[in-house]
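1. curious how this folds, go ahead:
(chains A and B)
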Amino acid sequence: DTGVSQNPRHKITKRGQNVTFRCDPISEHNRLYWYRQTLGQGPEFLTYFQNEAQLEKSRLLSDRFSAERPKGSFSTLEIQRTEQGDSAMYLCASSLGTGEAFFGQGTRLTVV
Amino acid sequence: SQKIEQNSEALNIQEGKTATLTCNYTNYSPAYLQWYRQDPGRGPVFLLLIRENEKEKRKERLKVTFDTTLKQSLFHITASQPADSATYLCALAMGSGNTGKLIFGQGTTLQVKP
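-> Sure, this is the predicted structure:
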């Protein structure tokens, strides 16, 4: 296992379109997190899964955002009706219990 | 809500010197605090974790201290090298019902000049 994998690495979309990102965590990790990062800022927490259950969602996650983790393996983050303010780096991280989190390389979303 | 402050100004130091980065937080103390390194266009990479009952942690040229009275952590890189140039992020994980969710500071960019 080479670590947390995110696809695509880059996505350019027109405003109003839907986009979906995928995250493949480290296989034995039961916890999976999504964060969003804008330029010059640290990552902001979006949502958290323990196995397949989504246990916490940030208030940053509007109704246009939805995340899933079917069967407790990979996860998807979908943004519907994208807005320019959604442009950011979307980071996925996984961990085994609490403690050290392993991050993917992120998906950079640009909404034009 | 919890706030984490890191020096937003870049830190420029000469190769071989010790770099010291500061992380201050408000409100209640976290269960543990972590430091990450982030290079441009890449995800953060874990460096060190220190728990609330620990004062200091070391790993090779890295040292982290944690003062719950001052609500502050210091991150030191000794004998710094140009390859240490990156943004360093401080992150807190909260106590009760700890999910492992991290709250990050905005990061401090370190530039080590040869």
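2. nearest residue to the middle of chain A?
-> Centroid-nearest residue in chain A: residue A:34, 3.6 Å away (criterion: CA atoms, centre = their mean).
3. am I right that it is in a strand?
-> Yes: residue state for residue A:34 (DSSP: H, G, I helix; E, B strand; the rest coil) corresponds to a strand.
4. so who does the nearest residue to it once chain neighbours are set aside touch?
-> Closest residue to residue A:34 apart from its sequence neighbours, by CB to CB, 6 or more residues apart in numbering or on different chains: residue A:46 at 4.3 Å. The C-beta positions use only the backbone N, C-alpha and C, and glycine is treated the same way. With contacts defined as CB atoms under 8 Å, 6 or more residues apart in numbering or on different chains, residue A:46 is in contact with A:33, A:34, A:35, A:36, A:57, A:58, A:60, A:61, A:65, A:67, A:77, A:90.
5. pretty sure residue B:48 contacts residue B:61?
-> No: if you go by CB atoms under 8 Å, residue B:48 and residue B:61 don't touch, sitting 11.3 Å apart.
6. who has more neighbours out of the two?
-> Set side by side, residue B:48 and residue B:61 show more neighbours around residue B:48, with 17 against 14, by other CB atoms under 10 Å in any protein chain shown.
7. where's the host helix or strand of that one relative to the chain centroid, distance-wise?
-> Taking DSSP states H and E as the definition, residue B:48 sits inside strand B:45-51. Distance, stretch centre to chain centre, for strand B:45-51: 8 Å (CA atoms, centre = their mean, to the nearest Å).
8. what strands flank that strand, and is each parallel or antiparallel?
-> Partners of strand B:45-51 in the sheet, by DSSP bridges, are strand B:32-38 (antiparallel).
9. what about the closest residue to residue A:103 other than its chain neighbours, which SS state?
-> In space, and not counting its chain neighbours, residue A:103 is closest to residue B:43: 3.5 Å by CB to CB, 6+ apart. Under three-state DSSP, residue B:43 falls in the coil class.
10. alright, calling it a day.
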